[in-house]
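# A structural model of the following input is requested.
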Amino acid sequence: MAGQPVIWKKRILIPFWVIRIILMVFIIFAYAVALRVLTEADDKNVPVIGVTVVFMLLVVAVLLMDVLSIILFARDALNPKTFLIMNVLQTTFWAAVLAIDLVAIARGADSYGIWFQVIVFVSFLLLLIYASINCHKSRKAAKRGVYAPAHNPLNPGSAPLYPGAAPYHSNIPAPAYGAPPHGDASPQLHQQHHGEAADYYAQPAKPAQMV
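This is a model prediction of the structure:
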């Protein structure tokens, strides 16, 4: 997955996927039974059969999107943008179905089963919200960029000043901080510095010349 990694929470995705798949399978099965009844009737209503077939195909497409999301999630390749687009399409479909049912109820149709449509729509709407939040987090993280260490001339082999340049190798020795450990200094060097200091303080001070 390109860009910043996104942490998908199994405790959120898996329950929604399980519920949605069960609902989709139930709807497909119910419409398959209804389609069989319509095709075996003596007076076949072709427009109703056509609408039923189209609706079943759309539900199958919605189900396949969830299956694809599960496969990508299992392979750790579920992209936030792709997941958001699929959820937008799925939620839009069920929002349209719910709107059609509400219009039909307003015109006097039976309201039996509308609660089922509401449950289906809410299951897709909630996961759409979760996908939107994760997509926003991914974009926000991508805008921050990747930290690159600054070029240090005193560090041999540090990053070049510009892309394509060779790494900088400095011949300046690294400065030594702090005094050497006790006992590491040479006795001759210590004696020499001690004698120079004694000679300096042993010399008499010269009187200042009057002008």
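
# going forward, measure contacts between C-alpha atoms and count neighbours the same way
Will do.

# what's around Val62, how many residues?
With neighbours defined by other Cα atoms under 10 Å, the count for Val62 comes to 21.

# that one: what's it in contact with?
Gln90 (Cα atoms under 8 Å, 6 or more residues apart in numbering).

# Gln90 versus that one, what's the distance?
Taking Cα to Cα, to the nearest Å as the measure, Val62 falls 6 Å from Gln90.

# what of Val60?
11 Å.

# what touches both of those two?
By Cα under 8 Å, 6+ apart, no residue touches both Val60 and Gln90.

# neighbour count winner among those two?
Gln90 (22 against 16).

# so is that one in a helix, a strand, or just coil?
With DSSP: H, G, I helix; E, B strand; the rest coil as the basis, Gln90 sits in helix.

# for whichever helix or strand Phe26 is part of, name the packing helices and strands.
For Phe26, the host element (DSSP states H and E) is helix 10-40. With contacts taken as 3 or more Cα pairs under 8 Å, 6 or more residues apart in numbering; DSSP states H and E, helix 10-40 sits against helix 46-74, helix 114-144.

# can you give me the neighbour number for Phe116?
11.

# please disregard the earlier target; I meant Leu58.
Counted with other Cα under 10 Å, Leu58 comes out at 15.

# the one 10 residues further on too?
Burial of Leu68, expressed as a neighbour count using other Cα under 10 Å, amounts to 14.

# how far away is it from Val62?
10 Å.

# three-state assignment of Asp110?
Asp110 ends up coil, using three-state DSSP.

# look up how far Pro15 lies from it.
From Asp110 over to Pro15 (counting by Cα to Cα), the distance is 31 Å.

# which of the three states applies to Asp43?
Classified using three-state DSSP, Asp43 is coil.

# now Met56: closest residue in space, sequence neighbours ignored.
Ile28 (6.1 Å; Cα to Cα, 6 or more residues apart in numbering).

# now do the one you found, the pLDDT please.
Looking at Ile28, its pLDDT reads 96.

# residues contacting the closest residue in space to Phe124 that isn't next to it in sequence?
In this structure, Phe124 finds its nearest non-sequential neighbour in Thr91, 5.4 Å apart by Cα to Cα, 6+ apart. Taking Cα under 8 Å, 6+ apart, we find Thr91 in contact with Phe121, Phe124, Leu125, Leu128.

# any idea which of these has the most stuff around it?
Result: Phe124 is most packed of the contacts of Thr91 (other Cα under 10 Å), 23 neighbours.

# do you know the pLDDT at it?
97.

# cool, the one 10 residues further on as well?
In this model, Asn134 is scored at 91, pLDDT.

# ok, now how distant is the nearest residue to it once chain neighbours are set aside from Val67?
The shortest distance from Asn134 to any non-neighbouring residue, by Cα to Cα, 6+ apart, is to Pro80 (6.4 Å). Using Cα to Cα, one obtains 16 Å as the distance from Pro80 to Val67.

# distance of the nearest residue to Ile105 once chain neighbours are set aside from Ile85?
Leaving aside its chain neighbours, Ile105 sits nearest to Ser111 (5.8 Å; criterion: Cα to Cα, 6+ apart). For Ser111, the distance to Ile85 equals 31 Å [Cα to Cα].
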